[in-house]
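Peer 1: Take a look and give me a structure for this.
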Amino acid sequence: MKRCAQHTLRQLMFSQLKQKIKNHRFFIGEQAGLAPVRLTHQRIYILPTTRGLGFVIILVVQLLIAFVYNNNLAYFLAFLLASVFFITILHSFKTLAGIIVKPGSVVPVFAGETASFVLVLQNPTPTPRFFQVSMADQQSVELAPFSNGSVALAVKTTRRGWCYANKITVATTYPLGLFRAWSPLRFELKVLVYPKPASQSTPFPESAGLTAEQGYSQLGADDFYGLASYQPGDSVKHIHWQSYAKGLGVFSKQYAGGNARELWLSYQATTGGDVEQRLSQLCRWLIDAEQAGLSYGLILPNLRITVSSGHSHTEQCLEALALF
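Peer 2: Next comes the predicted model:
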């Protein structure tokens, strides 16, 4: 019983130690924030690369040769290589030291698209800098003396909602590749991911009254508002040839009369097997309504956005869908 308790205690202590090491700033950087970060000796780490370790082996062999044969020239060459090795540490550190990194702007995207996290970089020193910035991918950066630059780190999105930036690493192996100096950074960067719009346009929901919450009051021939399946007798001029060319079927363009410009897009009016399909359909309706210049409102089970139009109104509705 006592051995079992001791074993459990050791496992618990090992687990806590492992978690503490995993969360050390050596691996994940300092606490996340939005303030600019200046790279100093407290944030920069340096370790030899594979090439650097190979250089050490060559150096040790050279010293052994000098010791065995008591050759002054061999000693001179060994000490010269050692000085190059240690001076490289300083140059690798100075390549990153003093660089200022701060988060830039982000642009919302639709699910399935690539989001970009922008970082603004500043070199306030008279020394040119050569380094790499990486997150999901890696990009090389060259900053001239007393200059600014920016880098966009791409992340592939898969679902709606907030997409957060992971650990960002600023690193360099300059000048000889013997050492890798790096600084792990964390910023409170996030980009809003809208639902993926439905690939096929469908007609907007219809209703009998002008102020109804399910769609238009009547159909007319003034404003385009969507597509409907082609019916015998529909005008050939109203056929949506783009859909037909894509092999999606034959659809007729539908128009709304001049007295029925308000449109309510309701979650209950959508069709789909799950929540994501319904939100995808609503997203498509929002885009089509905005492109048609219509006034529309949005009704979700937990939210109601009044009728309006314009880019800011569309963004408000899309944000509601993304965070639903």
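
Peer 1: Could you pull out the helices in the stretch 51-200 of the chain for me?
Peer 2: 72-96 (DSSP state H, counting those that start in this stretch).

Peer 1: Spell out the residue ranges of the strands in it.
Peer 2: 100-103, 109-110, 114-123, 129-134, 138-143, 147-156, 161-164, 168-172, 179-185, 190-194 (DSSP state E, counting those that start in this stretch).

Peer 1: Tabulate those in a markdown table, adding columns for mean neighbour count, distance to Trp285 and mean pLDDT.
Peer 2: All C-beta atoms are positioned from the backbone trio N, CA, C, and that covers glycine. As requested, the strands of the stretch 51-200 of the chain are exported to a markdown table (neighbours: other Cβ atoms under 10 Å; distance: least, Cβ to Cβ, whole Å; pLDDT from 0 to 100):
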| stretch | mean neighbour count | distance to Trp285 | mean pLDDT |
| --- | --- | --- | --- |
| strand 100-103 | 18 | 34 | 94 |
| strand 109-110 | 18 | 14 | 95 |
| strand 114-123 | 19 | 24 | 94 |
| strand 129-134 | 18 | 39 | 94 |
| strand 138-143 | 14 | 38 | 92 |
| strand 147-156 | 15 | 26 | 93 |
| strand 161-164 | 15 | 20 | 93 |
| strand 168-172 | 22 | 37 | 94 |
| strand 179-185 | 21 | 40 | 94 |
| strand 190-194 | 20 | 13 | 94 |
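
Peer 1: can you list the ones you listed in TSV and add distance to Leu323?
Peer 2: Below are the strands of the stretch 51-200 of the chain laid out as TSV (distance: least, Cβ to Cβ, whole Å):
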stretch	distance to Leu323
strand 100-103	21
strand 109-110	14
strand 114-123	16
strand 129-134	29
strand 138-143	30
strand 147-156	19
strand 161-164	7
strand 168-172	25
strand 179-185	27
strand 190-194	8
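
Peer 1: quick one, which of those is nearest to Leu53?
Peer 2: Leu53 lies closest to strand 179-185 among the strands of the stretch 51-200 of the chain, at 10.4 Å (Cβ to Cβ).

Peer 1: ok, the closest one: who's next to it in the sheet?
Peer 2: Strand pairing for strand 179-185, using DSSP bridges, gives strand 45-48 (antiparallel), strand 168-172 (antiparallel).

Peer 1: Figure out how far the last one is from the centre of its chain.
Peer 2: Put plainly, it is strand 168-172. 17 Å (Cα atoms, centre = their mean, to the nearest Å).

Peer 1: what residue ranges in this structure score low on pLDDT?
Peer 2: 1-33, 206-262 (pLDDT under 70).

Peer 1: What does Gln268 show for phi and psi?
Peer 2: According to degrees, to the nearest 10, the main-chain angles of Gln268 amount to phi -70, psi -20.

Peer 1: Among the strands paired with strand 179-185, which comes closest to Leu321?
Peer 2: The nearest among the strands paired with strand 179-185, by Cβ to Cβ, is strand 168-172 at 28.9 Å.

Peer 1: now that closest one and strand 129-134, what's the angle there?
Peer 2: 150 degrees (axes from the mean of the first three to the mean of the last three Cα atoms, to 10 degrees).

Peer 1: what sits up against strand 168-172?
Peer 2: Outside strand 168-172, the residues that touch it by Cβ atoms under 8 Å, 6 or more residues apart in numbering are 39, 92, 95-96, 99, 101, 117, 119, 129-135, 153, 180-187.

Peer 1: Excluding covalently adjacent residues, which one is nearest to Trp182?
Peer 2: Closest residue to Trp182 apart from its sequence neighbours, by Cβ to Cβ, 6 or more residues apart in numbering: Ala171 at 3.7 Å.

Peer 1: for the spatially closest residue to Val275 that is not a sequence neighbour, what are its contacts?
Peer 2: Excluding the flanking residues, the one nearest Val275 by Cβ to Cβ, 6+ apart is Phe324, at 7.6 Å. By Cβ under 8 Å, 6+ apart, Phe324 lies in contact with 275, 279, 300, 302-303.

Peer 1: is the nearest residue to Gly149 once chain neighbours are set aside in a bridge, and if so with what?
Peer 2: Residue nearest to Gly149 in three dimensions, not counting chain neighbours: Leu121, with 4.7 Å by Cβ to Cβ, 6+ apart. Beta bridges link Leu121 to Val101, Gly149, judged by DSSP bridges.
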